[in-house]
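In: Predicted model and sequence follow; I will ask about them next.
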Amino acid sequence: MIPGKPSRTAWSAAMHRAAHQIVDRASVFDDPMAVPMTGWSRRRIEQDVARHPERRGMRFFIASRHQFARDVVRRAAERAGDPVQVVVLGAGLDTTAYRGGPESDDVVRVFEVDHPATGAWKREHLTREGIFPTLPVAYVGVDFETQSVHAALQSAGLDPARPVVVVWLGVLVYLTRPAIEATVSELSGLATAPVDLVFDYPEPTEDLSGRVAQVRAARASRVAALGEPWLSSYTPEEMRCLLADRGFAAVEDLATADWIERYFGVRRPAAGAGAHLLHAVTGAARRSGSGPGRRTRAGSN
Ligand SMILES: C[S@@+](CC[C@H](N)C(=O)[O-])C[C@H]1O[C@@H](n2cnc3c(N)ncnc32)[C@H](O)[C@@H]1O
């Protein structure tokens, strides 16, 4: 990220969700606030999509990863028999706290955690567009590279006795490995109740080939030009070990083509260009090992 500036990729992700409502008729991820959140008219979004037909795969990728997260929240609330706390890490223009509708019954409170510059920009944007939360929401400014998510969420009032779902979409790739690993360590100890974690992560480029590798390289240079270079990648085995060492067990780790097929019923191998979508949960693994708050990170107090 460019120091002091809000994320530009947060805007792109929101535009893909808005376009999905219009062009795909919200076939997978129905979000009544996706278009209003952009501040753009439906007509303007349609025109933008018409100018960029190449963005279809990315739109599928983003719409389906959000529906995946919504499904995890619903299942976590069903399992708990009670609404859960939802922590959206690197929230960008995420609409969980503003959508209303029956899914609100699954959520007791939303914690929007983001880089302070992006969080401030979003709050100004919400005021400008006249968008109000439909759920209790706490805005938490954290730089994952230097600050402790655990300490910040504790200060913001996260209840450690109530289940938590952490949604961390489109963010890992922009962080360094030490920041990712420290944050995952902290997340497993956010609550004594189960912590479900949903995130996407990219595979190393050298493990990719053909069209997927080309699409990935083009996308990497586009976001680097926006000041948000991709910094990290993991093989599925590395990720499995990282999670296990920090108290999480993977429930599902899906390659992009598999999750797009699950939701859209079509196979688009190049759409997420080597990304994985993962759902993990704390459980037995945590009892034997590393927990939260064992590390002191700059800015954590
Ligand atoms: C591609 S956007 C994704 C936004 C949102 N999760 C979504 O899917 O629409 C990346 C997000 O990560 C956040 N981010 C990037 N680096 C960060 C850091 N070091 N600390 C906190 N947030 C960061 C940005 O502010 C931005 O909101």
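Out: Received the coordinates, thanks.
In: Packing partners of the strand or helix carrying Phe61?
Out: Assigned by DSSP states H and E, Phe61 belongs to helix 56-80. Helix 56-80 sits against helix 9-23, strand 84-89, strand 164-168, strand 195-202, helix 256-264, strand 275-282, with contacts defined as 3 or more Cβ pairs under 8 Å, 6 or more residues apart in numbering; DSSP states H and E. C-betas here are computed from N, CA, C, even on glycine.
In: who's in contact with Met15?
Out: 38, 40, 45, 48 (Cβ atoms under 8 Å, 6 or more residues apart in numbering).
In: how about 7 Å then?
Out: Applying Cβ atoms under 7 Å, 6 or more residues apart in numbering to Met15 gives the contacts Thr38.
In: again, but for Ser64
Out: Contacts of Ser64 (Cβ under 7 Å, 6+ apart): 28, 259-260, 263-264.
In: again with Val86
Out: By Cβ under 7 Å, 6+ apart, the neighbours of Val86 are 73, 96, 107, 110, 165, 167.
In: Chain neighbours aside, what residue packs nearest to the residue nearest to the spatial centre of the chain?
Out: Against the mean C-alpha coordinate of the chain, by Cα atoms, centre = their mean, the closest residue is Leu169 at 1.7 Å. Leaving out its chain neighbours, the residue that sits closest to Leu169 by Cβ to Cβ, 6 or more residues apart in numbering is Arg65, at 5.4 Å.
In: doesn't Asp200 make contact with that neighbour?
Out: Yes. At 5.7 Å, Arg65 counts as touching Asp200 under the criterion of Cβ atoms under 7 Å.
In: What parts of this structure come near the ligand?
Out: Within reach of the ligand by Cβ under 6 Å from any ligand atom, the chain has these residues: 1, 7, 9-10, 13-14, 90-94, 114-115, 118, 142-145, 169-171, 174-175.
In: of those, buried ones?
Out: 1, 7, 9-10, 13-14, 90-94, 114-115, 118, 142-145, 169-171, 174-175 (16 or more other Cβ atoms under 10 Å).
In: Which of the helices or strands spans Glu112?
Out: Using DSSP H and E, Glu112 maps to strand 107-114.
In: after that strand comes which helix or strand?
Out: helix 116-129.
In: list the contacts for Leu89?
Out: For Leu89, the contacting residues are 113, 149, 166-168, 171, by Cβ under 7 Å, 6+ apart.
In: Kindly recompute the last result at 10 Å.
Out: By Cβ atoms under 10 Å, 6 or more residues apart in numbering, the residues touching Leu89 are 111-114, 140, 142, 144, 149, 153, 166-169, 171-172, 183, 187, 197-199.
In: and if you look at Val87?
Out: So Val87 contacts 109-113, 138, 140, 149, 153, 156, 158, 164-168, 187, 190-191, 195, 197 (Cβ under 10 Å, 6+ apart).
In: same deal with Arg240?
Out: Per Cβ under 10 Å, 6+ apart, neighbours of Arg240: 234, 248-250, 253, 278, 280.
In: Lowest-confidence one in these?
Out: Within the contacts of Arg240, Ala250 has the lowest pLDDT, namely 87.
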